[in-house]
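Visitor: Predicted model and sequence below, questions to follow.
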Amino acid sequence: MGRKSPANIEKAEARVERARLPPLNALRSFEAVALHGSFAAAAAGLNVTHWAVGKQIRLLEDWFGKPLFERRARGVRLTDEGAALLGDVSDAFDRLATGTARLRDAGSARRISGTVRVNALVSFALSWLLPRLPDFCLQFPDIDVQVSTTSRRLRYLGDAFDIGVRSGPEQGPGLVSRMFMADVRLPACAPALLRQHPIHSVADLRHHTLLHSASTKGAWTHWLRTAGAPGLRPARQMEFEHVFLQQAAAVEGLGVALASLPLILRDLAAGRLVCPLPATTWRAPDYAMVLSAERDSDPAVSAFRNWMLQAAAEAPSTPPSA
């Protein structure tokens, strides 16, 4: 027999790795139970019996050799191991959904209809969602999108939304949070500001006005500590009620904002803002996509969720140099 080619060896190794995967049907049942908080609700959502879901969960727990849920009088709760697994399983299913969505032809996408209710932070809606929304409407002309904005916790909104976007995860009955996009913060300002007082190092910020927003008061403190200059005193400071006002003030040349990179990508591309210190960043809580478990499988909601994940994956993760 001849020697196996590298390609055949790679395929054989891939088959071995797949053989080590847990049963996929069991993973599907696991995610459903985790989202709904009970075997009965998961069974109803999957259109199978309570017994069938329980069997799949026992199969998965036997496969891992450890419990994934704490059984309680009313429903179940994830163990620490189960909570860790849920993030990986949900991400894997999301990637699979995104990959299959890309293979659908435009005609198939256009046949999806329905309504998606999106609730997001005001600054995220203005700076990230709305500029990209025409692309979604072009791909899915029969899906109506309703956008609302508030900073209230989504668990207080009841069933008034399908998809929410928040800074950091949010848990609650009937909700599931998934990391959506990294929030990298770094200084940003109008190009004209640098012609007056160049910023070559963190110390140069002492010649500038630092811009704050009421909801991110501690951001500059965190960034300066990360940058090794916790005691830096700027020439002046200004505070605005909302992040989008702080960002607009930076565009107008009023000072330097500690901006969320995903929210200023359009301003950077248009030359309205520059990042004079692109290598010095601070990682704020990630943007989280918060889903209503009851509506997660709705075709219109799934289409919007997958579109958002794809748009986030395609966005640059590092800023251009000033």
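Guide: Sure thing, it's come through. Residues are numbered from 1 along each chain as shown.

Visitor: Tally up the residues packed near the residue nearest to S215 when sequence neighbours are not counted, please.
Guide: Excluding the flanking residues, the one nearest S215 by CB to CB, 6 or more residues apart in numbering is V243, at 6.3 Å. For the C-beta atoms, the positions are set from N, CA and C on the backbone; glycine is no exception. Applying other CB atoms under 10 Å, we find 25 other residues in the vicinity of V243.

Visitor: For V290, give the beta-bridge partners.
Guide: Beta bridges link V290 to G164, S177, judged by DSSP bridges.

Visitor: could you pull out the strands for the stretch 151-300 of the chain?
Guide: Under the criterion DSSP state E, counting those that start in this stretch, strands of the stretch 151-300 of the chain are mapped to 163-167, 175-188, 209-213, 236-240, 256-260, 282-292.

Visitor: Measure how the second one sits relative to strand 209-213, angle-wise.
Guide: Computed by axes from the mean of the first three to the mean of the last three CA atoms, to 10 degrees, the angle separating strand 175-188 from strand 209-213 equals 170 degrees.

Visitor: List the buried residues in strand 175-188.
Guide: For strand 175-188, the buried set under the neighbour-count rule, 16 or more other CB atoms under 10 Å, comprises 175-188.

Visitor: Give me the below-cutoff pLDDT ranges for the protein.
Guide: Scanning the chain for pLDDT under 70 picks out 1-19, 100-110, 154-158, 320-322.

Visitor: domain parsing for it?
Guide: 6-96, 110-182+285-314, 184-284 (automatic domain parsing).

Visitor: Distance check, the residue nearest to S215 against V122.
Guide: 8 Å (CB to CB, to the nearest Å).

Visitor: still on that earlier bit, quick one: the buried residues of strand 175-188 as TSV, columns for distance to N306 too.
Guide: Below are the buried residues of strand 175-188 laid out as TSV (distance: CB to CB, whole Å):
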residue	distance to N306
L175	19
V176	15
S177	17
R178	12
M179	15
F180	12
M181	14
A182	19
D183	21
V184	23
R185	27
L186	29
P187	34
A188	30
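
Visitor: picking that back up, could the strands of the stretch 151-300 of the chain go into CSV alongside distance to S113?
Guide: Putting the strands of the stretch 151-300 of the chain into CSV (distance: least, CB to CB, whole Å) gives the following:
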stretch, distance to S113
strand 163-167, 17
strand 175-188, 24
strand 209-213, 38
strand 236-240, 40
strand 256-260, 33
strand 282-292, 19
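
Visitor: Out of those strands, the one nearest V33 is which?
Guide: Closest approach to V33 among the strands of the stretch 151-300 of the chain is made by strand 175-188 (11.7 Å; CB to CB).

Visitor: which strands and helices sit next to that closest one?
Guide: Applying 3 or more CB pairs under 8 Å, 6 or more residues apart in numbering; DSSP states H and E, one finds that strand 175-188 contacts helix 80-103, strand 163-167, helix 219-226, strand 256-260, helix 261-270, strand 282-292, helix 299-314.
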